[in-house]
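# show me the folded form of this:
(chains A and B)
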Amino acid sequence: TQLLEQSPQFLSIQEGENLTVYCNSSSVFSSLQWYRQEPGEGPVLLVTVVTGGEVKKLKRLTFQFGDARKDSSLHITAAQPGDTGLYLCAGPLTGTASKLTFGTGTRLQVTL
Amino acid sequence: NAGVTQTPKFQVLKTGQSMTLQCAQDMNHEYMSWYRQDPGMGLRLIHYSVGAGITDQGEVPNGYNVSRSTTEDFPLRLLSAAPSQTSVYFCASSRRTGQAGELFFGEGSRLTVL
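Model prediction:
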């Protein structure tokens, strides 16, 4: 059983479209992180959100942490082919802050 | 900048064979961990270590052993490989912080067990 469920699993869109990826849990997390992974590489951290209701922006990417700290979303405005990849949310398990559990992942493909 | 280095990148084993996946980091990070990545399941934590001499189990530890004799190295051992262990394995490291720190990942090791 995965603690973090992501939706959708797959998303194929054209350049210029907007999209939102969701990360949901029945558990409360002290923080949530979003990573992006490209083929043949390890995941790379995009952002960490730590406060309920927090919104962070990274250029065309907007991240939100739910008020109850059980969910998060990633919104991409005007997607570009360079946004293609696997997006993973992650949150700390009890005990060690760096001991992360990962979501099931959303594979995004952006075409011209 | 080496970061986290994993070897080998690819390996094919027969059922019952043993092998060790190597992981080394040069960032003096206290925390290191191993994940496996399977389609549709994201990353699942196998074992982790908060410092030299200290290891603990993650979400899916069965069939794997680890040790941490130095800060830099964190090898993952498969004592008797099974087809269910076919996966891509990632090693990661992090500074030990009060909040979730950034995990730095290696490039992965793709293992096939026949």
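
# phi, psi for the closest residue to chain B within chain A please.
Closest to chain B within chain A is A:Gly42: 2.7 Å, counting by Cβ to the nearest Cβ. Placement of C-beta: from N, CA and C, glycine included. For A:Gly42, the backbone dihedrals (degrees, to the nearest 10) come out as phi -80, psi 160.

# wait, B:Gln25 touches B:Glu72, no?
Yes. Between B:Gln25 and B:Glu72 there is a contact at 6.1 Å, judged by Cβ atoms under 8 Å.

# how many neighbouring residues does the residue lying closest to B:Gln22 once chain neighbours are set aside have?
Nearest residue to B:Gln22, sequence neighbours excluded (Cβ to Cβ, 6 or more residues apart in numbering or on different chains): B:Thr7, at 4.7 Å. Counted with other Cβ atoms under 10 Å in any protein chain shown, the neighbours of B:Thr7 add up to 13.

# list the residues that contact B:Thr7.
The contact partners of B:Thr7, taken as Cβ atoms under 8 Å, 6 or more residues apart in numbering or on different chains, are B:21-22, B:109.

# among those, which are in strands?
Among the contacts of B:Thr7, DSSP state E puts B:21-22, B:109 in strands.

# show me the contacts for the residue of chain A closest to chain B.
Contacts for A:Gly42 (Cβ under 8 Å, 6+ apart) come out as B:4, B:90, B:92, B:105-108.

# try 6 Å
B:90, B:105-108 (Cβ atoms under 6 Å, 6 or more residues apart in numbering or on different chains).

# looking at the residues you listed, which is nearest A:Glu54?
Of all the contacts of A:Gly42, A:Glu54 sits closest to B:Phe105, with 24.5 Å by Cβ to Cβ.

# what pairs with the closest one across the strands?
Beta-bridge partners for B:Phe105, by DSSP bridges, are B:Ala92.

# distance of it relative to A:Lys99?
15 Å (Cβ to Cβ, to the nearest Å).

# now the strands for chain A?
For chain A, the strands defined by DSSP E cover A:5-7, A:10-14, A:19-24, A:32-37, A:44-49, A:55-58, A:61-65, A:71-76, A:85-92, A:100-102, A:106-111.

# dump those into a markdown table; add distance to chain B and mean pLDDT as well.
A markdown table is the format used below for the strands of chain A (distance: least, Cβ to the nearest Cβ, whole Å; pLDDT from 0 to 100):
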| stretch | distance to chain B | mean pLDDT |
| --- | --- | --- |
| strand A:5-7 | 8 | 94 |
| strand A:10-14 | 10 | 97 |
| strand A:19-24 | 10 | 97 |
| strand A:32-37 | 6 | 96 |
| strand A:44-49 | 5 | 95 |
| strand A:55-58 | 14 | 96 |
| strand A:61-65 | 12 | 98 |
| strand A:71-76 | 13 | 98 |
| strand A:85-92 | 4 | 95 |
| strand A:100-102 | 4 | 92 |
| strand A:106-111 | 10 | 96 |
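
# could these go into TSV alongside distance to B:Ala82?
TSV is the format used below for these (distance: least, Cβ to Cβ, whole Å):
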stretch	distance to B:Ala82
strand A:5-7	28
strand A:10-14	29
strand A:19-24	31
strand A:32-37	26
strand A:44-49	31
strand A:55-58	41
strand A:61-65	39
strand A:71-76	35
strand A:85-92	26
strand A:100-102	23
strand A:106-111	27
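
# done for today, thanks.
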